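**Student:** need coordinates for the below:
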Amino acid sequence: MHFLYLFHKSAANADLKIQPNPANDVVQISVTEELIGAELKLLDIEGRTLTVTTISTSNLPDRQAGFKLQTSNLSNGIYLVQISTTKGTLTKRLVIAQ
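**Tutor:** Predicted coordinates:
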């Protein structure tokens, strides 16, 4: 299950990848160039914000940026990774299975 809400044609190629999913200690978050500068939030299933970060990179290999997100401190369950821009919001599910 994942959700995609983008409101602008230039953002149509925007993508968010989370690997591995389900995860335990660390996940690799990869985004396309259209999402550089956007705000990324990790939410619990009830919508409470756990972390907030801005996506940035100086080098875009293959037009994608990526970073690691520590998940070892999270309890087993379902979380949401949400990216917001001025053009819309992209949300995907992350499952933690320690």
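**Student:** make sure Glu34 is indeed in a helix.
**Tutor:** Yes. Assessed by DSSP: H, G, I helix; E, B strand; the rest coil, Glu34 belongs to a helix.
**Student:** ignoring the adjacent residues along the chain, who's closest to Thr85?
**Tutor:** Spatial nearest neighbour of Thr85, excluding adjacent residues (Cβ to Cβ, 6 or more residues apart in numbering): Ala38 at 4.5 Å. Yep, even glycine has a C-beta here, placed from its N, CA and C like the rest.
**Student:** quickly note the distance from the one you found to Pro20.
**Tutor:** For Ala38, the distance to Pro20 equals 23 Å [Cβ to Cβ, to the nearest Å].
**Student:** those two: who's more crowded?
**Tutor:** Using other Cβ atoms under 10 Å as the criterion, Ala38 and Pro20 rank with Ala38 on top: 23 against 11.
**Student:** distance of the more buried one from Pro22?
**Tutor:** For Ala38, the distance to Pro22 - Cβ to Cβ - is 24 Å.
**Student:** now Gly52. Nearest residue, chain neighbours left out?
**Tutor:** Gly isn't right for residue 52; it's Val. Setting aside the residues directly before and after it, Val52 is nearest to Lys41 in space (Cβ to Cβ, 6+ apart), at 5.2 Å.
**Student:** for Ala23, see how far away that neighbour is.
**Tutor:** Lys41 sits 17 Å away from Ala23, going by Cβ to Cβ.
**Student:** of these two, which one has the most company?
**Tutor:** Higher neighbour count among Lys41 and Ala23: Ala23, with 20 against 17, using other Cβ under 10 Å.
**Student:** mind listing what the more buried one touches?
**Tutor:** Ala23 is in contact with Thr71, Leu94, Val95, Ile96, Ala97, counting by Cβ atoms under 8 Å, 6 or more residues apart in numbering.
**Student:** now the fourth one, nearest residue through space, not along the chain?
**Tutor:** This points to Ile96. Nearest non-adjacent residue to Ile96, counting by Cβ to Cβ, 6+ apart: Leu74, 4.8 Å away.
**Student:** doesn't Val95 make contact with the one you found?
**Tutor:** No. Contact between Leu74 and Val95 fails when scored by Cβ atoms under 8 Å: they sit 10.4 Å apart.
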